[in-house]
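Student: show me how the following folds:
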Amino acid sequence: MRHYEIVIIIYPNSDIYINDIIEYYTNLVNKNGILYRLENWGLRDLAYNIKKNSKAYYILMNIKVNIKIINFISDNLKLNKNVLRFLIIKKKKAESSSSCIINKNNNN
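Tutor: I've put the predicted structure just below:
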């Protein structure tokens, strides 16, 4: 099993589905691997417009799963109509501490 970091960007008008999306992927990872970190960054400004959207909801996950599960997650995110963009990065080790985004929000 390998470590991965996933950032999911969700359409701003899909706010009622955010908890469902988080719950779905959390359950999937917990059944097939380890969830080290889950952060909901909330509604944030995009650096540039994506499909005529200037804001979107961000979710960050750090997980440990096998390649079949990460391929399933990737395929599922591609087909999810509420997902604007996503990024999956292979990591060398698990990240469980708070991200700089969360730390910045807590300091303000």
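Student: what's the average pLDDT for stretch 16-31?
Tutor: Stretch 16-31 shows a mean pLDDT of 93.
Student: right, and the helix or strand after the helix ranked longest in the chain?
Tutor: Scanning the chain for the helix with the most residues, using DSSP state H, yields helix 18-32. Remark: after helix 18-32, the chain's next helix or strand is strand 34-50, criterion DSSP states H and E.
Student: check which residues of that next one are buried.
Tutor: Residues of strand 34-50 classed as buried: 35-37, 39, 41 (neighbour count, 16 or more other C-beta atoms under 10 Å). All C-beta atoms are positioned from the backbone trio N, CA, C, and that covers glycine.
Student: for the longest helix of the chain, which positions count as buried?
Tutor: 18, 21-22, 25, 28-29, 32.
Student: got the angle for that helix vs strand 34-50?
Tutor: Here helix 18-32 runs at an angle of 140 degrees relative to strand 34-50 (axes from the mean of the first three to the mean of the last three C-alpha atoms, to 10 degrees).
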